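Chemist: Any chance you can model this:
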Amino acid sequence: MTTSDGFDIRTHSWPLDRVHGLRPLGDALHLGRTAGPEGNSIAWLDTETTGLAGGTGTYVFLIGIAAAGDGCVCLTQYFLRDLGAEPDMLELVGDHLRRFDALVTFNGTRFDLPLLQTRFLLCRMRADIEAESHLDVMNLARRLWYRRLGGYSMALLEQMILKVERFIDVPGWVIPSLYVQFLHTGDFDVLEPVFAHNAQDILSLVALHGLAGELLAQPDRTPVLVDWFGLGRLLDVRGKVEAAAGCYRVALEDERDPSVRRRAATALARHYRLTGQPEQLLDLWDHEAHTGIVPGWLALERLAMVWEWELHDPRRALAYTDHAIASINGDGDHCCARLLHRRERLLRKATTRSLRGPEGAEAISASEEIASLRSR
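Modeler: Reported below is the predicted structural model:
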């Protein structure tokens, strides 16, 4: 530990073969690259403060910064022993963070970084402490686990996903009062659990970062419980459309929430449409029509859209539209008006073309239509 006037600097390191969560730290460092952020040198940041709400009256009294070292993960903890030494400590913290071109946090977007920038500004110092490239792992955690776990706090993810148990720990809400107690008594012993808490947060941040990267790199071999629709969305925005489609297909196997199922089916349909797979589109919406989780009229409307725009058959599209109108049950006038508008347009299309088959044919099952399509 290095002691200066009013603040201390503690360092600690863990070997890369240390296992925290599901993988050794060395593997987590490597796998995390898939999740981002872009940059050559990454720092992992976590802070402890005098309040959880933020604001100009909240001090950041402990700042943990970790980075990959020579065969280890190195942690540096800056501890504000005297509030009057805040500018001196922040100057060193700013210099430290500017060594890196990428930063990883958990809730850093809304808490750690804005609060640190506020402290820099109040000390009349440069506030450009955020790296050019920043990844907030909490945003990934929300997509990957919120619906499955009912939350995505660090404590919950440690328990349910990483399977990490903190045998001796101090709750986060107690930490501000312990620091106040230290300021009054000067007793370092009351803060030792806080230093350990911060170090464990950093370790879990590195582990979660690596796990998120592993899920994005190998979505077909997920080692943990995951929200498949959320994983698909993360892959989609990264341009991994085939892998995303696979996740949407898995999500539809057991998804019972109508809203989420509709979004997953719509996302998968978009993939089939962009890749020119009309047969899969018909299979998809026919299955949704028979599953009964999304509204039946909606699946029938989507079938009509496939026949109109992908297969250019307005007569069959019209039949499915009529079937959809007849299936509306309590979904409101807006949906009915939309379908009626579609029906009028399809009627105009149908009357201007010479179509094979009897006029006014009723909608038949999509499975029969698929067989017809494949025989052409």
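
Chemist: C-alpha only now, for contacts and for neighbours.
Modeler: Fine.

Chemist: Would you mark the buried spots in stretch 70-89?
Modeler: By 16 or more other C-alpha atoms under 10 Å, the buried positions in stretch 70-89 come out as 72-81, 86-87, 89.

Chemist: now these in TSV, with secondary structure, distance to D8 and pLDDT?
Modeler: Below are these laid out as TSV (DSSP: H, G, I helix; E, B strand; the rest coil; distance: C-alpha to C-alpha, whole Å; pLDDT from 0 to 100):
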residue	secondary structure	distance to D8	pLDDT
C72	strand	22	98
V73	strand	20	98
C74	strand	17	98
L75	strand	14	98
T76	strand	10	98
Q77	strand	8	98
Y78	strand	6	98
F79	strand	5	98
L80	strand	7	97
R81	coil	7	97
E86	helix	11	97
P87	helix	13	96
M89	helix	9	97
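
Chemist: Just give me the closest of the residues you listed to T34.
Modeler: V73 (18.6 Å; C-alpha to C-alpha).

Chemist: quick one: contacts for that closest one?
Modeler: Counting by C-alpha atoms under 8 Å, 6 or more residues apart in numbering, V73 touches 13-16, 25, 66-67.

Chemist: Keep only those of these that are in helices.
Modeler: If you go by DSSP state H, the contacts of V73 have L25 in helices.

Chemist: Where does the prediction get shaky in the chain?
Modeler: The model of the chain has pLDDT under 70 over residues 130-131, 330-333, 354-376.

Chemist: And the residue nearest the centre of it, how far from G150?
Modeler: Computing the C-alpha centroid of the chain and ranking residues by C-alpha atoms, centre = their mean puts L140 first, at 2.6 Å. Look at L140 and G150: by C-alpha to C-alpha, to the nearest Å, they are 15 Å apart.

Chemist: Likewise for D5?
Modeler: For D5, the distance to G150 - C-alpha to C-alpha - is 45 Å.

Chemist: distance between the ends of stretch 270-288?
Modeler: End-to-end distance (C-alpha to C-alpha), stretch 270-288: 15 Å.

Chemist: Let me fix that, I meant to ask about stretch 148-160.
Modeler: Span of stretch 148-160 from end to end, C-alpha to C-alpha: 10 Å.

Chemist: Could you do stretch 108-127 as well?
Modeler: 15 Å.

Chemist: now swap in stretch 14-26 and tell me
Modeler: 10 Å.

Chemist: What segments of this structure are strands?
Modeler: For the chain, strands defined by DSSP state E occupy the ranges 2-4, 7-15, 19-20, 23-24, 42-49, 60-68, 72-80, 102-105, 133-136.
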